[in-house]
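Q: please find the sequence and the predicted model below.
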Amino acid sequence: MKPVVSTLRTVVATVAATAAQLPRRRVLTIAATIVILVAVALLVPLPSAMQLRDWARAAGPWFPLVFFAAHTVMTVFPFPRTAFTLSAGLLFGPLLGIGLAVAASTLSAVIAVVLVRAAGWQLSRLVHHPRVDTLDARLRERGWVTVLSMRMIPAVPFAVLNYAAGASAVRLLPYAMATLVGVIPGTAAVVILGDALTGNISPLLFLVSACTAAVGIAGLIYEIRAHRRHHRDPEPAADDPARSA
């Protein structure tokens, strides 16, 4: 736990240093956007299972495409992704449900990153700070490991991770692939084992969630330690006499 706690402290310090250097108007704009997104997510009601079934009958064979589009667009905002995952399993069965939920989640995550960067909200553009530069360099090189690990931890909010990745220097294609792989275990478990819409939740769902979370946390700890070793014992330069000796 010590590496995780230390990293959280570093992140908090970096955020504080970043906020201190940002223009007040920019800070207010970002804060207002966050408040609006959260308000929309909280105030807009999600459809019930019966409503979804009615829509399915009305849309006919086009409903999977309609559901995919709605899932993709809605989860760009901080809406609970689990509601769509459960609905996918209920409406389309395990195979099609998992495919739709995973594909929509991945596309939604990519769109969120593109929108954040199009708005110019990357930390490297907003402020120049040694900690930000160090973190960005690491994420540019191996950010997919962090994304993959955090996607497997159920407690990490889906949309928040999307926005954080957009503000970082993580490369888009590795990010998309890490998201695709990372959401599969949890999505499959919820679709197959989680019938929460009827009030019945299989104990296996908790077991699978705990196992994927453990793998994700282990991946984060490994990456944190590798990052520390890299900065503690940097590789000698190509023209370093000690290396050529």
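A: Cool, got the structure.
Q: now the element after the helix or strand encompassing residue 57, going C-ward?
A: Using DSSP states H and E, residue 57 falls within helix 49-59. Next along the chain after helix 49-59, taking DSSP H and E as the criterion, comes helix 63-74.
Q: residues of that next one that come out buried?
A: 63, 64, 67, 68, 70, 71, 72, 74 (16 or more other C-beta atoms under 10 Å). Any C-beta I mention is one placed from the backbone N, CA and C, and that applies to glycine too.
Q: residue contacts, the fifth one?
A: Taking C-beta atoms under 8 Å, 6 or more residues apart in numbering as the criterion, residue 70 is in contact with residue 84.
Q: ok, it to residue 162 distance?
A: Separation of residue 70 from residue 162 (C-beta to C-beta, to the nearest Å) stands at 17 Å.
Q: what's the helix or strand for residue 148?
A: helix 130-151.
Q: after that helix, next one along is what?
A: helix 158-167.
Q: got the angle between the lengthiest helix in the chain and helix 158-167?
A: Longest helix of the chain, by residue count under DSSP state H: helix 81-118. Between helix 81-118 and helix 158-167, the angle comes out at 20 degrees (axes from the mean of the first three to the mean of the last three C-alpha atoms, to 10 degrees).
Q: between helix 81-118 and helix 63-74, how big is the angle?
A: Going by the same axes, to 10 degrees, helix 81-118 makes 60 degrees with helix 63-74.
Q: helix 81-118 - contacts with which helices or strands?
A: Packing partners of helix 81-118 (3 or more C-beta pairs under 8 Å, 6 or more residues apart in numbering; DSSP states H and E): helix 49-59, helix 63-74, helix 158-167, helix 172-193, strand 194-195.
Q: can you pull the buried residues of that helix?
A: 81-92, 97-102, 104-113, 116-117.
Q: repeat for stretch 213-232
A: 213, 215, 216, 217, 219, 220, 221, 223, 224, 227.
Q: state the pLDDT value of the fifth one.
A: Pointing back at residue 219 there. We have a pLDDT of 85 for residue 219.
Q: surely it and residue 144 touch.
A: No. Using C-beta atoms under 8 Å, residue 219 is not in contact with residue 144, being 10.7 Å away.
Q: for residue 149, what are its contacts?
A: 182, 215, 216, 217, 218, 219, 220, 223.
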